[in-house]
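Student: Following is a predicted model, sequence given first.
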Amino acid sequence: MNFPDIRLLDQEDLVYIAALILHIKKNPNSKSSRFSKNLILITIGAVSIDCFEDSGKLTFSSGYDGLVEDFIENFMELYPHYFSNNNPVFSLVVCSIIDLGL
């Protein structure tokens with residue numbers, strides 16, 4: 001599967017993905033981490049937003065785990081600076097994700 005060129009994403013998109021990755025790394029087996037993985041897949045265009053039911057739940061299977069892991073590894077190599085606490089935009093996004101309970 002070909003990923004879209006993530007260089008086309010703006011800074012807020014990259015920071016959001018980084019915050020989701022950080023959440024997944026800290027809580028790898030939680031229900032919210034599975035949801036975060038699905039959000040990453042949608043954000044990078046690997047799956048369609050059509051996977052959401054009317055209830056807001058995602059319906060596709062967890063067969064994308066390897067794809068997400070590959071993306072996470074590549075993303076962390078490309079953007080290591082987003083995983084430090086000195087980025088104010090990143091800190092704000094992390095706080096927002098925590099507030100939302102993801």
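Tutor: Yes, it's here. Numbering: from 1, shown residues only.

Student: Now do the least confident helix or strand in the chain by mean pLDDT: distance to the chain's middle.
Tutor: When each helix and strand of the chain is scored by mean pLDDT, DSSP states H and E, helix 88-100 comes last, with a mean of 76. Its chain's C-alpha centre and that of helix 88-100 lie 13 Å apart, by Cα atoms, centre = their mean, to the nearest Å.

Student: helices and strands around that helix, which ones?
Tutor: helix 11-26 (3 or more Cβ pairs under 8 Å, 6 or more residues apart in numbering; DSSP states H and E). In short, each C-beta sits where N, CA and C put it, glycine included.

Student: which strands and helices sit next to the helix or strand following the helix it packs on?
Tutor: Per DSSP states H and E, helix 11-26 leads on to helix 31-43 as the next helix or strand towards the C-terminus. With contacts defined as 3+ Cβ pairs under 8 Å, 6+ apart, helix 31-43 has these neighbours: helix 11-26, helix 65-78.
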